[in-house]
Structure formats: C-alpha cells, structure tokens
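Colleague: sequence plus predicted model, see below.
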Amino acid sequence: MTETQNSPNSYRSQPDDRGHFGDFGGRYVAETLMPLVLDLEKHYKAAKIDPEFKAEFDDLLEHYVGRPSPLYYAERLTEDVRNNAPEGKGAEIWFKRDELNHTGAHKINNCIGQILLAKRMGKTRIIAETGAGQHGVATATVCARFGLPCVIYMGARDMERQQPNVFRMKLLGAEVIGVESGARTLKDAMNEALRDWVANVHDTFYIIGTAAGPHPYPELVRDFQSVIGREARAQMMGRTGRLPDLLVAAIGGGSNAIGLFHPFLDDADVAMLGIEAAGEGLKKKHAASLAGGEPGILHGNKTYLLQDEDGQIDEAHSISAGLDYPGIGPEHSWLSDIGRVEYDSCTDEDALAAFQQLCRTEGIIPALEPSHAISAVVKRAAQMDRGQIILANLCGRGDKDIFTVADALGVEM
Amino acid sequence: MTRLSNSFPPDRASLVAFITAGDGDTAANLDALVEGGADIIELGMPFTDPMADGPVIQLANLRSLSAGTTTADIFAIAKDFRARHPNVPLILMGYANPMVRRGAQWFTGACTDAGVDGIICVDIPAEEDDVLGPALREADIANVRLATPTTDAERLPAVLQGATGFLYYVSVAGVTGKQQAAQASIEGAVAALKSQTDLPIAVGFGIRTPDQAAAVAKTADGVVVGSAIVEIIAEHGGNAAPHVRDYVKSLSSAIHDARK
C-alpha cells in the first residue's frame, strides 16, 4: 500500500475524509448503496494498516502476478526519435513493463487488492464491468484463483471488438453478460454492474476497474496501482541514479496513470503527462473528458464528463475499448485543475502509428491504450534534450488488439 | 410545499404516480393521472444513464431523449401542468447531473417558476447534499429523501436531517420494476421509520396491482407506482391516456378505501 504523506503541502494527501479530491470525487450513489460504500471504506481503512493484508498482497504480486515488472530502456525507439530530431534533441525513452504482468496488463494489481478486501469482508460473489476486457480478464482470473463466482458486464459492442478476451473470461469460469443499452460500451456496462450491485447488496463485492466511482474506490484503486510508480521510482534510481524528467501514461479512467504518477507527485522536478483518447479528433467523436468535457456527476463521483448543456452524457469514441469512456477518475480532474499534471490527447490514427512503430523498433506489441501514450512520448522526446529521461507506462500488451488493428489497417486475417 | 403536505390526509393513504417526462403525450398522461385519482405526481427527468432504474424506466428515458426532450421542455411541461392543476402537487424525480448542470440555484429557480413542489434526486445522498439541499430549503421546495432496506438505524438520522415533504421508502434493494417486497417487511420498516420522523412515509418499488397497493396503504401514508404506468405508455404510445386513467383509477380506489 502507499505510505500516504499527510503534509499539507503534499500532493499525495488526497482525498479528504469524505473522498473529495478538491472539488472532485465524493460518493454520489443511491441510498441503497450508501451503507455499502461506507462499510467498504471502514474495511479498507483497517486493511491498509494491517501488516497481514500487505504481506498477502505483496506475496501474490510477486509470485502470482510476476512483479516487479522490468524497467526497460527502449534504445532503438530512442535512436529512431533521435534520427528525426534536431541536433542534441531526443530524450531517452524508458518503459515500465506492466504489460508483462500475468494477464497482460496493469489491471491485475488492483484486482488482487480488491479480491483480498472482498475475502476480508466475507463477500461470496464478485461482479465487475469491463471495456477492453483486460479488467474483466483480470477479475475472472482472481475469482478463479480464490474460488469465487464472477459476473462480468461488458458492452455488446466491446464484446464484438474484443472477442479473444470474452473467450478468456469464459475459460476462467466467469459469466459474461453483454449490455445492449446506450452505446453498448464501458459506460453502459458500468450502469448494469451498479444495477446488479444494488440488487445483490448482501453478498456481492463490486471490483471497479479504474480509479473512479464512489469513494473509497478512486483511493483504493490508486493505492493498489501505486506499486507501478513505487517500483519504477526505485528501479530508475538504481539504474540511472536519478529521477525521470517526464512521466507519460494513457488515460481512460486513469488507473495506470495515477498508479505511475502518485508516488512521484511530490518530486517537484518530475513533470507528468496524461494522454486522453482524441478518437477521430477533438472536434469530432472522441473520449477526452478533460479536453472536451466539463465537471459533472456520474457513476458515483464528480469529475470531468463529456456531456451536453442539459447534463446528458455524450457517447465517447476511441479505437481503444479501454479508453472509450466519457469520464475520468476524480484525482486526475483535480491534478489537472491545480496544474500538477499536464494532460493532452492522441487520435486513433496517431495511436495506430505509434503501435506499429513500437512493434518494429522494439519487438513489443503494445495494447492500443498505451499506444496513445507512446505517440506522445515520441513527440515529446524529439523536443527534449538528449540527457533527459522520459518514463512511460506500457500498461498492456497488444495481443487482444490485433484484430482491431488489422481492420483499421485494411488487412484481412 | 403546502400543496404537498395537504396531500397526506390523516385518514387515508395517497397515491404517488410516476411517469417519465417526454415519453408519449406527457400532458395528456399527466391529466389522466389526475383524473384517475393520483394525489401526487412524480415526473421523471430523463437521463442517459439511469443507474437505479430497471428496464421499463430505462427504456422510457431512452424514448424521451430520442424524441429530443430537453430540460427546458420538462420545465415547460411542469409549468403547463401547474396552470391546469393549481392544487395537485408535482415533484421532479431524477439524477444529479441534469439537476445541477447549470447550478443548484438555477435549478431551484426553474422549479419555483414552474410550480414544482419538491424533488427526488436518486444519486445525491445526505453526505453530498451540501449544495442542492440548502438551495432547495431556501426556495421552499421539498427535498424528498430515500430510505432503503440497507439504511440502518445508525444512518437514518443523517438521511432524515434535511429531509422534507415526505420520506420515500424504497422497499426492495434493487432497481425500479417488477420485484416486490414482502408485506411484513414493509410494515416493519414503516413502523421503524415512523418512530424516527413525523414526515409522511411513501412506499414504492415493485407495486403493480390494486391489491398490493391496498395492502401497503394500510400502513404507509403514500403508495408510489411507476414502472406499471410506464409500461402502459410503452404499450399504447401517444394514445395511452385513457388506459393510464383507468389503471390509475383502479389503484387510487384501492388505496383510498384500504383503511375503511
């Protein structure tokens, strides 16, 4: 878990005791769920300071997930950037290899933490929502590992474009329920998971996949994912004797990004860049809540949302199912408003180009989600000095995306 | 708020009837609710993401939004209703985001202008009600809070703090629609709530037949029916009004006579 600093000048002391990150976050849920989220908060507070909970979490991360994940210097990608950069420019590009985790993405870190909480609370049934299917696979995996029944809600459109992950979840024993409402993507899956939870409050634990939702979810997901940033910080110090100049991560809800950023937030010399999905472009269909949204209330928290003037939620669009969500975790909304983290966006087209560039230069097939971050990394590296260091989170591998990419590139498989 | 308090007479229970604004011929359906004997009208504000609603009301939300219903349209419907029915209380039920989009003050101002007597906001619990709650109080608009089977004795005082108009007891842990609670559990819950508040208690979720409504009306001050009415609108579209009126009449008669 994190050793959260409580200094008033720290960026790491959020949220407050009601779950607010500045003006964002909170617990905007129906009354039926309110006692449950209060109970979850109580149990999480106790678990956080329980050495046995930490020991079990750490043990599973090491021996089941395969942590620590490597820190990798992407030498050929760096060279590729330098070949096209002005003299003296071209920062070193390093990746935190969370795509090498068991199940192929960072999502498993959080699922291990939450299923240990569920067990501690005596819950006997697990539900989750999933977009790209990575969180669904990770949830189904930990449910199999702990012998708990598992129901995954997934937008019907996402099921079509992520069929390998649907099959994986089924192999792992999960029931996958396709959601036909709305745009049939992640937002609609989350609505349906909340409806299930409200009807099964007595025995069910809802494993939320990103650092969003009602308090304490944004905090606990961040804490479980912060293993990424803690490891990366120590590894970077060990390998280079210094901290990176810039951190970069892709953002849908923002769990991999907050996991990387949070342990560095009080390092004043470390700049941070979160990359939202600009889809077909910010003037067309996209999923960039900070760039194109305004504060509002959805799925239990106040945060930046894509919405119309009446507060109706807009459909998001991204080639990456994992980023296809019209909101963002509340801590990112706060970090954006106070200016600690810079946020930018990347289109489907640029993400596809970065996807191919990493395949060819490093022999790594990234997921479409981190491909958005890689696109930004390549652009920023070309503007930064050669002595500088960029560290990006390679939060998932791309096996699941090859059909989508083939389709986008016009290749018949 | 006087309209609302006058609608809970001591000797009989009241019918609270729900429809979604902009789904079908809303003005005609509202008139049909009144003609059918509904005592309080609950007008749903459609939302793209109705997390607490079952399929019936979800679809009503989608039909309304697909037809282009805006917040301005909803307040126009309410204002016209107030002109036609000066004495029938009208409350707006919905989700936080459409309510607070232009600010709580804007929303309560629009409610006052349209003659809205109260609101039910599904996803602003007492703990987060420090903006909308005070604005409603200042505008003398009822802030109808929800209590549920999971609201325990420890938590109830927080829910009641700032609750006005009446208390809505959601009798099942679940979404709106077909499932119904056991009569004994409703009686126990209403008695427990009445020991803690003087507010009228209205009970809803899963009530569809006159017999069910009458049973609840023996103990509760109000009986809320929503999905069953919305189903009639879904079936009959723009010509639902006479069907709505007849069905609501069967409910209101059963409710009003339940204690005779």
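Modeller: In hand now; what should we look at?
Colleague: contact residues of the stretch 51-200 of chain B facing chain A?
Modeller: With C-beta under 8 Å from any C-beta of the partner chain as the criterion, the stretch 51-200 of chain B comes near chain A at residues B:51-54, B:58, B:62, B:65, B:70-71, B:95-102, B:122-125, B:127-128, B:145-152, B:155, B:159, B:170, B:173-175, B:179. C-beta coordinates here come from the backbone N, C-alpha and C atoms, glycine included.
Colleague: make it 6 Å
Modeller: With C-beta under 6 Å from any C-beta of the partner chain as the criterion, the stretch 51-200 of chain B comes near chain A at residues B:51-52, B:70-71, B:96-98, B:101, B:122-123, B:125, B:127-128, B:146, B:148, B:150, B:155, B:173-175.
Colleague: from those, list just the buried residues.
Modeller: With burial judged by 16 or more other C-beta atoms under 10 Å in any protein chain shown, the buried subset of these is B:51-52, B:70-71, B:96-98, B:101, B:122-123, B:125, B:127-128, B:146, B:148, B:150, B:155, B:173-175.
Colleague: where in the chain is pLDDT low?
Modeller: If you meant another chain, say so; for now it's chain A. Counting by pLDDT under 70, the low-confidence segments of chain A come to A:1-8.
Colleague: wait, I meant chain B there
Modeller: Along chain B, the parts satisfying pLDDT under 70 run over B:1.
Colleague: residue of it closest to chain A, please.
Modeller: Among the residues of chain B, B:R101 lies closest to chain A, at 3.3 Å counting by C-beta to the nearest C-beta.
Colleague: give me phi/psi at that residue?
Modeller: Here is the backbone geometry of B:R101 (degrees, to the nearest 10): phi -50, psi -40.
Colleague: what of B:A228?
Modeller: Summarising the backbone geometry of B:A228 under the convention degrees, to the nearest 10, its torsions are phi -60, psi -40.
Colleague: circling back to that earlier point, from the residues of the stretch 51-200 of chain B next to chain A, which land in strands?
Modeller: B:L146 (DSSP state E).
Colleague: residues near residue 82, how many?
Modeller: In the absence of a named chain, this looks at chain A. Taking other C-beta atoms under 10 Å in any protein chain shown as the neighbour definition, A:R82 ends up with a count of 18.
Colleague: ah, no, chain B please
Modeller: Counted with other C-beta under 10 Å, residues neighbouring B:R82 total 18.
Colleague: test my guess that it contacts B:V116.
Modeller: No - look at B:R82 against B:V116 with C-beta atoms under 6 Å: they stay out of range, at 8.0 Å.
Colleague: can you pull out the strands in the stretch 251-400 of chain A?
Modeller: Across the stretch 251-400 of chain A, reading from the start of the chain, the strands by DSSP state E, counting those that start in this stretch fall at A:271-279, A:294-298, A:300-305, A:342-347, A:389-393.
Colleague: can you name the residues that contact residue 189?
Modeller: Went with chain A since none was named. For A:A189, the contact set (C-beta atoms under 6 Å, 6 or more residues apart in numbering or on different chains) comprises A:E129, A:Y153, A:M154, A:G155, A:V179.
Colleague: looking at chain B here, not the other one
Modeller: Listed by C-beta under 6 Å, 6+ apart, the contact set of B:A189 reads B:Y169.
Colleague: try A:M190
Modeller: Contacts of A:M190 by C-beta under 6 Å, 6+ apart are A:E129, A:H299.
Colleague: show me what residue of the stretch 251-400 of chain A gets nearest to chain B.
Modeller: Among the residues of the stretch 251-400 of chain A, A:G311 lies nearest to chain B; the distance is 3.3 Å by C-beta to the nearest C-beta.
Colleague: need phi/psi at the residue of the stretch 101-250 of chain A found nearest chain B.
Modeller: Evaluated by C-beta to the nearest C-beta, the stretch 101-250 of chain A has A:A199 as its residue closest to chain B, separated by 3.8 Å. With angles defined as degrees, to the nearest 10, A:A199 sits at phi -90, psi -10.
Colleague: nearest residue to B:F75 in space, please, no chain neighbours.
Modeller: Across the structure, with C-beta to C-beta, 6 or more residues apart in numbering or on different chains as the measure, the residue nearest B:F75 apart from its sequence neighbours is B:A114 (4.6 Å).
Colleague: and the helix or strand that contains B:D211, what's buried?
Modeller: Remark: B:D211 resides in helix B:210-217, with elements defined by DSSP states H and E. The neighbour-count check on helix B:210-217 (16+ other C-beta under 10 Å) flags B:P210, B:Q212, B:A213, B:A214, B:A215, B:V216, B:A217 as buried.
Colleague: A:V201: how many residues sit nearby?
Modeller: Other residues near A:V201 number 18, with proximity taken as other C-beta under 10 Å.
Colleague: and for A:G173?
Modeller: 14.
Colleague: tell me how far the nearest residue to it once chain neighbours are set aside lies from A:E180.
Modeller: The shortest distance from A:G173 to any non-neighbouring residue, by C-beta to C-beta, 6+ apart, is to A:A144 (5.3 Å). If you measure A:A144 against A:E180 using C-beta to C-beta, to the nearest Å, the figure is 27 Å.
Colleague: same check, this time on A:D203
Modeller: Plainly put, A:D203 is 26 Å away from A:E180 if you go by C-beta to C-beta.
Colleague: which bits of chain A sit near chain B?
Modeller: By the rule C-beta under 6 Å from any C-beta, the part of chain A lying against chain B is A:26-32, A:34-35, A:191, A:194-195, A:198-199, A:201, A:296-297, A:310-313.
Colleague: longest strand in chain B, please.
Modeller: Across chain B, the longest stretch assigned as strand under DSSP E is strand B:14-20.
Colleague: in its sheet, what does it sit against?
Modeller: Here the strand partners of strand B:14-20, with direction, are listed using DSSP bridges: strand B:40-44 (parallel), strand B:222-225 (parallel).
Colleague: show residues contacting the strand or helix carrying A:E231.
Modeller: Secondary structure here is read from DSSP H and E; on that basis A:E231 sits in helix A:227-240. Helix A:227-240 is touched from outside by A:P68, A:L71, A:K96, A:D98, A:N109, A:P244, A:G259, A:L260, A:H262, A:P263, A:F264, with contacts defined as C-beta under 6 Å, 6+ apart.
Colleague: shouldn't the third one be in contact with A:C395?
Modeller: No - distance between A:K96 and A:C395: 8.2 Å, which falls outside the contact criterion (C-beta under 6 Å).
Colleague: what's the most centrally placed residue in chain A in contact with, if anything?
Modeller: Averaging the C-alpha coordinates of chain A gives a centre point, and the residue nearest to it by C-alpha atoms, centre = their mean is A:S255 (3.0 Å). Taking C-beta under 6 Å, 6+ apart as the criterion, A:S255 is in contact with A:T210, A:A211, A:V221, A:Q225.
Colleague: and those as a markdown table, adding neighbour count?
Modeller: Compiled in a markdown table, the contacts of A:S255 are given as follows (neighbours: other C-beta atoms under 10 Å in any protein chain shown):
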| residue | neighbour count |
| --- | --- |
| A:T210 | 30 |
| A:A211 | 30 |
| A:V221 | 30 |
| A:Q225 | 29 |
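Colleague: what's the closest of the residues you listed to A:R76?
Modeller: When the contacts of A:S255 are compared for distance to A:R76, the smallest value, 28.5 Å, is given by A:Q225; criterion: C-beta to C-beta.
Colleague: skipping its backbone neighbours, what lies nearest the closest one in space?
Modeller: Ranked by C-beta to C-beta, 6+ apart and with sequence neighbours excluded, the top spatial neighbour of A:Q225 is A:G259, at 2.8 Å.
Colleague: repeat for B:S14
Modeller: Using C-beta to C-beta, 6+ apart, the nearest residue to B:S14 is B:D39, at 3.7 Å.
Colleague: what does the longest strand of chain B contact?
Modeller: Around strand B:14-20, the neighbours that count as contacts under C-beta under 6 Å, 6+ apart are B:7-8, B:29, B:33, B:38-40, B:42, B:44, B:46, B:60, B:64, B:202, B:222-226, B:229, B:248, B:251-252, B:255.
Colleague: what does stretch B:69-84 give?
Modeller: Contact with stretch B:69-84 is made by A:D310, B:A21, B:G22, B:T26, B:L30, B:M45, B:P46, B:L90, B:A110, B:A114, B:G115, B:V116, as judged by C-beta under 6 Å, 6+ apart.
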